[in-house]
Every structure is written in structure tokens, then in C-alpha cells.
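Visitor: Sequence plus predicted model, see below.
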Amino acid sequence: MDGSGVGVGVERVRLVAWSEGDFWLLRRNNSPEMTEHLGGPESEEKLAARHRRYQEVEPGRMYRIELAESGESVGSIGFWEKEWRDATVWETGWGVLPEFQGRGLAAAAAREVVRAAREAGLHQYLHAFPGVDHPASNAVCRKAGFTLLGPVEFEYPKGHWMTSNDWRVDLWAAG
């Protein structure tokens, strides 16, 4: 990311590489409200392990989402490798803090992650797997230019199966 920020309307976002000091944001994203569609909050030990992974995601990357003008942190997003249907693809996921939801920030950040995954090369497709019962995250996919492939059974977190929508962006298509 060049740091210039992108987005729609007045508010723009910037993606900043995840760092040691971002653990507080992971904790905020671990609330019952934020994990309702993801199997519920994780233990402190699992959060600490996730924080370490977020700092070391390669190939791929995790980011803190900032408002471009103020630098205020509003959530997290990233992309990482996943084995899916006999191929290696990129997967993405995000969380925007409750007080910043409904402003188009997740969709703006998702468009930036599409650019970052495209620049990273390696894989043709970037997938997102929001639960079928999560209208806000499905709307983010639609607004960010993903194509809906349909419902799938998806395991997240490990041991928790849910029905998700499989959304995909072809990173090798003209973007």
C-alpha cells in the first residue's frame, strides 16, 4: 500500500501492516458481538497465538484498517493462503469495530485487500466465506466486487461447521 488511502465517499481507509502493538484491536474484535457469526470469542491463549500468526502471515498479510485522514484504527483485514477445492487460493476476512460499521469502511478495505492480493501474485483467486446468515459481510463482498459462487459448508474456527457463501474475485482478470 502506498499509504494514500482509498475508499468511497468522504471517508477513506489505509491498510497498515499488523504489528506487535495491535493486540488491543484483536481483543476488541474478539467480543461476543464481533464473533457472533464466527463461533464465538476465543480464549486469551488462542488470541495470543492468533496475534503471533497475524504478524507472521506469509505468504499474505494482515492489516489494521485506519481512517486515512485521522489515522484512527477501525478494524482489521487480511489475506492468506488456503487449500480450497484442490487448489491453493487466497482467503480474506475482516472485522470493523461496531462504532464504525455501516459507513462503507469494510468494503473500501476489501477493495484494498483485492489490490494487495493481486500485487502479491501467486494465486488467481481471492475468496471470502461469510456466513449465509450474515447480511452485512455478504454486502461487503458484493460492494467490493466479489462474485457469489453459492453456499458451501465451511469450517471456522476449527471444529465449528457453518453454511457460508463462497465469494470470489479473479485476480488475474483485468481489474
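Guide: Ah, there it is.

Visitor: Beyond the lowest-mean-pLDDT helix or strand in the chain, next helix or strand please.
Guide: The helix or strand of the chain with the lowest confidence, counting by mean pLDDT, DSSP states H and E, is helix 32-35 at a mean of 68. The helix or strand immediately downstream of helix 32-35 is helix 44-56, counting by DSSP states H and E.

Visitor: Could you pull up the mean pLDDT of that next one?
Guide: Averaging pLDDT along helix 44-56 gives 88.

Visitor: So which bits of it are buried?
Guide: By neighbour count with 16 or more other CB atoms under 10 Å, helix 44-56 contains the buried residues 47, 50-51, 54. The way it works is simple: take the backbone N, C-alpha and C, and place the C-beta from them, glycine included.

Visitor: Then stretch 162-175?
Guide: 162, 164-169, 171.

Visitor: Need these in a markdown table (columns: distance to Gly21 and secondary structure).
Guide: As requested, the buried residues of stretch 162-175 are exported to a markdown table (distance: CB to CB, whole Å; DSSP: H, G, I helix; E, B strand; the rest coil):
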| residue | distance to Gly21 | secondary structure |
| --- | --- | --- |
| Met162 | 32 | strand |
| Ser164 | 31 | strand |
| Asn165 | 34 | strand |
| Asp166 | 34 | strand |
| Trp167 | 31 | strand |
| Arg168 | 33 | strand |
| Val169 | 30 | strand |
| Leu171 | 30 | coil |
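
Visitor: Going by residue numbers, what spans are helices in the protein?
Guide: Using DSSP state H, the helices of the chain run over 23-29, 32-35, 44-56, 105-120, 135-143.

Visitor: Please identify the most buried of those helices.
Guide: For those, the largest average neighbour count (mean count of other CB atoms under 10 Å) is found in helix 105-120, namely a mean of 21.

Visitor: Could you export that one as CSV, CA atoms only?
Guide: Taking Å, rounded to 0.1, in the frame of the first residue of the first chain, the C-alpha atoms of helix 105-120 are listed here in CSV:
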residue,chain,number,x,y,z
LEU,A,105,-15.2,1.1,5.5
ALA,A,106,-15.1,-2.7,5.3
ALA,A,107,-16.0,-2.6,1.6
ALA,A,108,-13.3,0.0,1.0
ALA,A,109,-10.8,-2.1,2.9
ALA,A,110,-11.8,-5.2,1.0
ARG,A,111,-11.2,-3.4,-2.3
GLU,A,112,-7.7,-2.6,-1.0
VAL,A,113,-7.1,-6.2,0.0
VAL,A,114,-8.1,-7.3,-3.5
ARG,A,115,-5.4,-4.9,-4.8
ALA,A,116,-2.8,-6.2,-2.3
ALA,A,117,-3.5,-9.9,-3.2
ARG,A,118,-3.3,-9.0,-6.9
GLU,A,119,0.0,-7.4,-6.3
ALA,A,120,1.3,-10.4,-4.3
